[in-house]
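J.: Sequence plus predicted model, see below.
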Amino acid sequence: MFRAIRRVQETGKGTLMISLPKQWAKRWNLRRGSVVEVRDRGDGRLIVDPAYGEREASRRALIRYPVREPDHITWGIIGAYLLGYDVITISGGRIGSEDRARVEETMRKLIGLEVMEETATKIEIHCIIDPSLLDPRRMLQRMCGIVAGMLRDVFRALSEADRSLAEMVRRRDDDVDRLYFLTVRVLRAAASRPGLADELGLTAIQCLDHRVAANLLEANGDIASNMAREVEELDRPLEGWLLEAVKPLFDMVAEMQVNALGGFLSSEIRVLSEVRSDLGELVEALDGLRDRAEEFPSMISIASYMEEFGRNCVDLADLIAPVGIIEEL
């Protein structure tokens, strides 16, 4: 990596030009007649791509085996996946059955991984997903939809004291996590490859904001899972006035999340005030609920989780770009 300063020159016909750094051109084997792509990033900067038309080489990561701690296998695979490596190789000594099982378990958490080669001392994993074919916005919407469904089923499990349904809700959090990991992988790839970001219609700042949005949705999935765990502790269903008081609150937080994400994706700044107003109503209602729900300790915990969920929705709405409010000078 290096930095070079160039003075803009003008040809006889009024065309402006700058010279390419010799060191950089030599590194990329550029010569007279070579074709490069010049791309406008939209923020005043130009990208000069010397590998125009060429397929990007697969990125490879190696996890040396044996590892110091068993969890290093899981952390290594997930870390390499999130960093955008296309091939992850575990290689060295003879790989034990427990560690092979750990590899398989970790792969189930990540979308698009397949074992392409396996021997006594080596496991080679390939990611077969093309990030240019994935839209981070759609993945965020899918995460939002799964979490909303989890909330609906938590309420149903509450009203019926259905422990099996509560357990199913917790398992669905794995689907949210899988989408989260995939979204982070795509956004990191876009942030490091301007060409991919252009294909996805995202700027570097938008990649960062989408990453934060994905994190908040994943956190809400965890919260819904924690609510389900509380339901599993109930010995009788929720009923009467408490059931009637809780239902609209579940509907409210689900709608807050949908509204916040929609506002973020469409840059509708009005949504921010709406979600903040909803949070105020939610907190007031939950405070009253806690005062009257002493017979249901689990309900008090669920109320706290619900408030945390709502605050995450406000944080999501805070990502909405202030279009129409500020102007660049």
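T.: Received the coordinates, thanks.
J.: Within its sheet, name the partner strands of the worst-scoring helix or strand of the chain on mean pLDDT and how each one runs.
T.: Lowest mean confidence among the helices and strands of the chain (mean pLDDT, DSSP states H and E): strand 37-40, at a mean of 76. Next to strand 37-40 in the sheet, as set by DSSP bridges, lie strand 46-49 (antiparallel).
J.: Averaged pLDDT, the partner strand. What do you get?
T.: For strand 46-49, the mean pLDDT works out to 78.
J.: who's in contact with that strand?
T.: Residues outside strand 46-49 that contact it (C-beta atoms under 8 Å, 6 or more residues apart in numbering) are Leu20, Val36, Glu37, Val38, Arg39, Asp40, Arg41, Pro194, Gly195. C-betas here are computed from N, CA, C, even on glycine.
J.: I'd like the residues you listed laid out as a markdown table, including distance to Ala80 and neighbour count.
T.: Conversion of the contacts of strand 46-49 to a markdown table gives the following (distance: C-beta to C-beta, whole Å; neighbours: other C-beta atoms under 10 Å):
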| residue | distance to Ala80 | neighbour count |
| --- | --- | --- |
| Leu20 | 34 | 15 |
| Val36 | 31 | 16 |
| Glu37 | 29 | 12 |
| Val38 | 32 | 9 |
| Arg39 | 28 | 15 |
| Asp40 | 33 | 10 |
| Arg41 | 28 | 13 |
| Pro194 | 22 | 16 |
| Gly195 | 22 | 16 |
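J.: Let me have those in a markdown table, adding distance to Glu308 as columns.
T.: Shown next, in a markdown table, are the contacts of strand 46-49 (distance: C-beta to C-beta, whole Å):
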| residue | distance to Glu308 |
| --- | --- |
| Leu20 | 53 |
| Val36 | 50 |
| Glu37 | 46 |
| Val38 | 48 |
| Arg39 | 42 |
| Asp40 | 42 |
| Arg41 | 37 |
| Pro194 | 37 |
| Gly195 | 39 |
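J.: How much space separates Leu208 from Glu218?
T.: According to C-beta to C-beta, to the nearest Å, Leu208 and Glu218 sit 16 Å apart.
J.: if you count what's nearby, which of the two comes out ahead?
T.: When Leu208 and Glu218 are compared on other C-beta atoms under 10 Å, the one with more neighbours turns out to be Glu218, at 21 against 14.
J.: is it true that the more buried one touches Arg178?
T.: No. Taking contact to mean C-beta atoms under 8 Å, the distance of 10.2 Å between Glu218 and Arg178 leaves them out of contact.
J.: which residues do the two both contact?
T.: Common neighbours of Glu218 and Arg178, using C-beta under 8 Å, 6+ apart, do not exist here.
J.: And the nearest residue to Trp28 once chain neighbours are set aside, how close does it get to Ser277?
T.: Closest residue to Trp28 apart from its sequence neighbours, by C-beta to C-beta, 6 or more residues apart in numbering: Pro50 at 3.8 Å. If you measure Pro50 against Ser277 using C-beta to C-beta, the figure is 52 Å.
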